[in-house]
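J.: predicted model follows, preceded by the sequence.
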Amino acid sequence: MSVAPWLVVPAAGQGRRMGADRPKQYLAIDGRPVLAHTLARLHAAFPAARLCLCLDPEDARFDPAWVPFAEWRRVPGGAERVDSVASALAAIAGEAGDDDLVLVHDVARPCVTVADLVRLHAVLADDPVGGLLAAPVADTMKRDDGAGRVATTEPRAGLWHALTPQGFRYGLLRRALTAAREAGVAVTDEASAVEALGRFPRLVSGRRDNLKITHPEDLALAGQILAAQRQATASGEQDKAPSGALER
Ligand SMILES: Nc1ccn([C@@H]2O[C@H](COP(=O)(O)OP(=O)(O)OP(=O)(O)O)[C@@H](O)[C@H]2O)c(=O)n1
Ligand SMILES: C[C@](O)(CO)[C@H](O)COP(=O)(O)O
């Protein structure tokens, strides 16, 4: 029987690129905030997980009724995503064992499927380093010259989009984030902090519709993805494996 993981959900961002009147985790899809959709997906996959929800200490919009987990805590988010995740790890020090698996998932990714969550957890259960959901890059990649023209076309073979969840053993992840923060290195995900320690996270192929809501057009897109996933579930197709792994 597999052990339920710790879940860390960074939800303390301000959504500046979205430019809405509130942080994007409080924008509604089908009448429910993004935050509630994301937590519902995580709960469906890991009903017994212990959740750390990172929120801006001044956040007055949050409603605990949106949290479906029996065991959860609110932790203060920090200035950057990495600071919010570090705050969650500090909050469970003494409770989490060094070898406990911690899955970190952006609140802004409500479309992650239960099948991808469960598969990631199963793959990481006996992985000594940890890893992340990721999707192979499907477009031709251009590098700009800084003046609006193409400088080069970059080879895309071997390039992946880093998604979440990203899952690592508590002790390793805490050491990695502490080292990155002390060195003043800007890390945008957990994997890059672990990579900086000389370890190689496992890439676990995930569905490309695990969209991070970032820009204004993403909200409607996420709504359409959720609707399509509901329809697929109703017709028994929801658990299709990601198609991207064979595309490169
Ligand atoms: N100080 C921060 C910054 C981000 N996040 C979280 O990290 C995830 C990914 O970050 P991003 O998409 O960049 O969200 P925002 O920081 O809200 O967006 P923006 O960068 O456009 O302001 C989001 O779930 C966000 O809430 C966080 O917990 N604490
Ligand atoms: C963690 C992440 O979602 C992986 O793609 C991403 O790095 C966070 O996004 P940000 O825009 O850099 O905060």
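T.: Perfect, I can see it now. Source: prediction; values computed, not measured. Ligands and ions are numbered 1, 2, ... in the order given.
J.: can you report how many residues lie near the residue in the chain that ligand 1 sits nearest to?
T.: Residue nearest to ligand 1 within the chain (Cβ to the nearest ligand atom): residue 13, separated by 2.1 Å. Every residue, glycine included, has its C-beta placed from N, CA and C. Neighbours of residue 13 under the rule other Cβ atoms under 10 Å: 21.
J.: contacts only, for it.
T.: The contact partners of residue 13, by Cβ atoms under 8 Å, 6 or more residues apart in numbering, come to 23, 24, 25, 77, 81, 107, 108.
J.: next one: residue 100
T.: Here residue 100 is in contact with 5, 6, 169, 170 (criterion: Cβ under 8 Å, 6+ apart).
J.: state the phi and psi torsions of the closest residue to residue 121 other than its chain neighbours.
T.: Distances taken as Cβ to Cβ, 6 or more residues apart in numbering place residue 5 nearest to residue 121, at 6.2 Å, with adjacent residues excluded. The phi/psi pair for residue 5 (degrees, to the nearest 10) reads phi -80, psi 160.
J.: is it fair to say the residue of the chain closest to ligand 1 lies in a strand?
T.: No. Counting by DSSP: H, G, I helix; E, B strand; the rest coil, residue 13 is not part of a strand but coil.
J.: distance of it from residue 83?
T.: 11 Å (Cβ to Cβ, to the nearest Å).
J.: any idea of the pLDDT on the closest residue to residue 190 other than its chain neighbours?
T.: Among residues not flanking residue 190 along the chain, residue 166 sits closest, at 4.3 Å (Cβ to Cβ, 6+ apart). For residue 166, the pLDDT comes out at 98.
J.: quickly find the element holding residue 166.
T.: strand 160-169 (DSSP states H and E).
J.: quick one: residues in contact with that strand.
T.: By Cβ under 8 Å, 6+ apart, the surrounding residues in contact with strand 160-169 are 5, 98-106, 109, 112, 117, 120-121, 124, 129-137, 176, 189-191, 194, 201, 203, 206, 208, 210, 212.
J.: ok, residue 231 - how many residues close by?
T.: 11.
J.: for it, which three-state class applies?
T.: helix.
J.: next one: residue 36
T.: Classified using three-state DSSP, residue 36 is helix.
J.: excluding chain neighbours, what is closest to it?
T.: Closest to residue 36 by Cβ to Cβ, 6+ apart is residue 66, at 4.1 Å.
J.: pLDDT score assigned to that neighbour?
T.: 98.
J.: wait, doesn't it sit right on residue 37?
T.: No. Assessed by Cβ atoms under 8 Å, residue 66 is found out of contact with residue 37, at 9.3 Å.
J.: quick check: closest non-adjacent residue to residue 69.
T.: residue 51 (4.6 Å).
J.: residues in contact with the helix or strand hosting that neighbour?
T.: For residue 51, the element it lies in under DSSP H and E is strand 50-55. With Cβ under 8 Å, 6+ apart as the test, strand 50-55 has contacts from 4, 6-12, 39, 42, 62, 67, 69, 71-78, 84-85, 87-88, 91-92.
J.: any chance of a ChimeraX selection covering the buried ones in the residues you listed?
T.: Only the buried members of the contacts of strand 50-55 enter the following ChimeraX selection, criterion being 16 or more other Cβ atoms under 10 Å:
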select :4,6,7,8,9,10,11,12,39,42,62,67,69,72,74,75,76,77,78,84,85,87,88,91,92
